[in-house]
Structures are given as structure tokens and as C-alpha cells.
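*Asks:* got a sequence here, can you build the structure:
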Amino acid sequence: MQSKSKNIELILPFLCKKCPVFNLILCIGIFVEQFIIFVKICTMNDTRRVFQPMTIKSMVDMLEEINFIVEGLVVRERLGINLNLCKSLAPRSILEKLNVPYLVQDNRMLRVISGQAVIEVNFTEYTVTAGDILFIKEGSYFEVIDSSDDFKGEVIAFLPEQYNSQLLQRDRNAIHIHLENEEWEKISHLIYSVYTFAADVSYRKDVVEPLVISLFNSIILMSEDRTESPASTGTEHLFEKFMDKLQENSSGKHSVSYYADLLCVTPQYLSKAVSLTSGKTVSEWISKAVITEAKVLLKDTDASVTEISETLNFPTDSFFCRFFKKETGMTPTQYRKS
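*Replies:* Residues are numbered from 1 along each chain as shown. Below you'll find the predicted structure:
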């Protein structure tokens, strides 16, 4: 039994006993099905669907019970790799429950091998197709909107405690690029080097972690090399700054004037700039951010509706419930149980 546990640890999807929410581990939504499977399995019988933190040992024990094994998965301290993200490997009962936003607590790289998916990161939608890379930074809101049946990809997740890259700190946006042939080969070499050394029985963190950092930095630099587009206009720059502030201050900040004050402009000017750039009003973006955080709190914590209402700065529970139902079509309690 001991040797069996060790084998399972080598193929487990990424997870971290420090993560309060299991799904933070490897749930890059539909292309992180394998990761979220393990999160969801442990709560399938919980009518509230609240994710609870688990240790690697408890996950190993659970996987032994259901005899669930997928090739291409490796888990190590602060590092998770899945080279076989495939929609067909996930049970239908799990796939039906994947479109749930959550807060990412690690840095993640997704490379798309085939098919496509629509992913929302920090309230912005990205359509990724074969040949694309999506890099999601720690602290981002993440949700899978849709994916094709033939979707297949590779993902590497790395916890931020061991990755203090100045390149990452330049901005908090996701990186979305399409790789050319030479770039694809370079990234392939780095990915499979990381996997080979991480899966080795004589695993050495001091060897693997520099390889992961090299991989992540390579992606960031590739992105910077190809983003030498014409300088953004004043309204576009203001919209980008607004979106940054929205991500940082979404908890309970409902007014246009609050964000206008942060950006040192008038509410009218901010509203005009945001509408011209995005086609949405400031209020629509604020509502989206508040709803996203409410969904995260409902699914990822056991906080009561009253506590969540207070956290999000609603005047009363009933006001919060009416707002939530207007935006989602269900009450907070119904969403939590869904």
C-alpha cells in the first residue's frame, strides 16, 4: 500500500495543502478538468458544495478508493503539471459543474494542443485555440465559460511563494499569445524538461524550480516582444487603469464616484472613457465584479449569506439577495447549492 500511495502522489494533479480551496489547485476550468475533478469529488455529496481544504495525504487516500488515475499528472511541493488536459476524461456529472468562478492562488500556464475554450480572467474573456498560451497570474479571478469537446491542453501551476519574478509584477493581466513554430518548439522543450525532472523519483526542487521560472519568464518575454502596438489612447489607458482598480477593490465598492476618485477623474469622464473603450458602462463592470466575488464567497467559503452581504457592503441581506437574483437568475442560497 505504501508504494501504491507513492505512485499516486506522482500522478496527482497539482494541489497544495495551504490552499483553502481545493479547486485552486488545478482547476483551469474545462482545461483544468483533471484538477477540479479532485476538488469536486470530495464535495459531491455536500449539498452546499462548499470546498474544504485537504492535505495531499487525504487526496491520495481518496484517489485510492476510487482508483482514479490519469497519465501525465505530477504533483510536487508548490508545483503541479498536467500534460493531458482532456474533456473526455472528466465525468459528465463533474463537467456540468465546472463553470464556477474562483480566485487563483498560484501562477498557471495553459498551452492549447487542440480545440478551443472561452475563459474569463479578471472579468475579461479570452478565446484560446490550438497553438495558444494563456498565462494566469496569482490573485486573478478565473472562470471557464465554454470549451469544445475536442479540447486538449497542458498546464503547469506554480505557487507564488517560490516565484517572485519582477516580470510578473509589471501588471496583473493575463497573457494570451499564439506561438509560432520556433516558439512552440522552445516552449515544448521547456515544458517536457520540467515534466521529466519533476516526475523523476529522485526529484530535486533546486533543479526543477529554475526550469519552471525559465519557462514562465520566456512566455512573459515573448508576450512583451509582440505587444509593441501603437500607444494606447488616453481613454484606453484610463480603462486599463480602471480594470486594475476594479480587480483590486471589488469587495463592496459599488459606486462610480469611488473609482473616479481613485483615478483622479470625474465620474462623467470615467463613464465616457469606459463606455467608449469597452462598450459597457462603469456600473455594468462594477456589478460584474461584485457578482463574481459573491459567487467565489458562496462556493469557496462557508460564510453565511448575511456575512457575505456585509463583506460586499450591501445595506441589507434582502438588498443583496435581490441584486444577486437580478444578475444571475437565482438566489444566493440556490447558487450555493447548484
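*Asks:* burial check on residue 322, number of neighbours?
*Replies:* 13 (other CB atoms under 10 Å). Just so you know, the C-beta spots here come from the backbone N, C-alpha and C atoms, and that holds for glycine as well.
*Asks:* please report how far it lies from residue 302.
*Replies:* From residue 322 across to residue 302, the span is 23 Å (CB to CB, to the nearest Å).
*Asks:* any idea how far residue 317 is from residue 333?
*Replies:* Distance from residue 317 to residue 333, by CB to CB: 11 Å.
*Asks:* any shared contact partners between these two?
*Replies:* Listed as contacting both residue 317 and residue 333 by CB atoms under 8 Å, 6 or more residues apart in numbering are residue 305.
*Asks:* so which of the two has more stuff around it?
*Replies:* Under the criterion of other CB under 10 Å, the comparison of residue 317 against residue 333 puts residue 317 first, with 16 against 13.
*Asks:* pLDDT score for that one?
*Replies:* Looking at residue 317, its pLDDT is 91.
*Asks:* again, but for residue 34
*Replies:* 45.
*Asks:* quick one: residue 220 and residue 135 touch, right?
*Replies:* Yes - in terms of CB atoms under 8 Å, residue 220 counts as a neighbour of residue 135; the distance is 7.1 Å.
*Asks:* what's the overlap in contacts for the two?
*Replies:* Contacts common to residue 220 and residue 135, judged by CB under 8 Å, 6+ apart, are residue 175.
*Asks:* out of those two, which sits in the more crowded spot?
*Replies:* More crowded of residue 220 and residue 135, by other CB under 10 Å: residue 135, with 22 against 18.
*Asks:* ok, that one - contacts?
*Replies:* Applying CB under 8 Å, 6+ apart to residue 135 gives the contacts 107, 108, 109, 110, 174, 175, 176, 216, 219, 220, 223.
*Asks:* and it, helix, strand or coil?
*Replies:* strand (DSSP: H, G, I helix; E, B strand; the rest coil).
*Asks:* contacting residues for the spatially closest residue to it that is not a sequence neighbour?
*Replies:* Computed as CB to CB, 6 or more residues apart in numbering, the closest residue to residue 135 that is not its neighbour in sequence is residue 175, at 3.9 Å. Residue 175 makes contacts with 133, 134, 135, 219, 220, 223, as judged by CB under 8 Å, 6+ apart.
*Asks:* and the pLDDT at residue 175?
*Replies:* With respect to pLDDT, residue 175 scores 87.
*Asks:* could you chop this protein up by domain?
*Replies:* 2-225, 234-337 (automatic domain parsing).
*Asks:* the ones you listed: lowest mean pLDDT?
*Replies:* Among the domains of the chain, domain 2-225 scores lowest, at a mean of 69.
*Asks:* how about the helices of this structure, start to end?
*Replies:* 2-11, 33-41, 56-66, 92-95, 181-199, 205-225, 234-248, 256-262, 267-278, 282-300, 305-311, 317-328, 332-337 (DSSP state H).
*Asks:* mean neighbour count, these: which tops it?
*Replies:* helix 33-41 (a mean of 26; mean count of other CB atoms under 10 Å).
*Asks:* how about the contacts made by the closest residue to residue 190 other than its chain neighbours?
*Replies:* Nearest non-adjacent residue to residue 190, counting by CB to CB, 6+ apart: residue 215, 4.2 Å away. When contacts are counted by CB under 8 Å, 6+ apart, residue 215 touches 109, 156, 187, 190, 191, 194.
*Asks:* ok, now how distant is residue 215 from residue 128?
*Replies:* 18 Å.
*Asks:* residues in contact with the closest residue to residue 103 other than its chain neighbours?
*Replies:* In space, and not counting its chain neighbours, residue 103 is closest to residue 296: 5.6 Å by CB to CB, 6+ apart. By CB under 8 Å, 6+ apart, residue 296 lies in contact with 101, 102, 103, 141.
*Asks:* so which of these belong to strands?
*Replies:* 102, 103, 141 (DSSP state E).
*Asks:* who does the second one bridge with?
*Replies:* When bridges are taken as DSSP bridges, the partners of residue 103 come out as residue 141.
*Asks:* my guess is residue 111 contacts residue 191. True?
*Replies:* Yes - applying CB under 8 Å, one finds residue 111 in contact with residue 191, separated by 7.0 Å.
*Asks:* for those two, list the residues in contact with both.
*Replies:* With CB under 8 Å, 6+ apart, residue 111 and residue 191 have common neighbours residue 154.
*Asks:* how about the contacts of residue 175 in a markdown table, adding distance to residue 266?
*Replies:* Putting those into a markdown table (distance: CB to CB, whole Å) gives the following:
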| residue | distance to residue 266 |
| --- | --- |
| 133 | 39 |
| 134 | 36 |
| 135 | 35 |
| 219 | 39 |
| 220 | 35 |
| 223 | 34 |
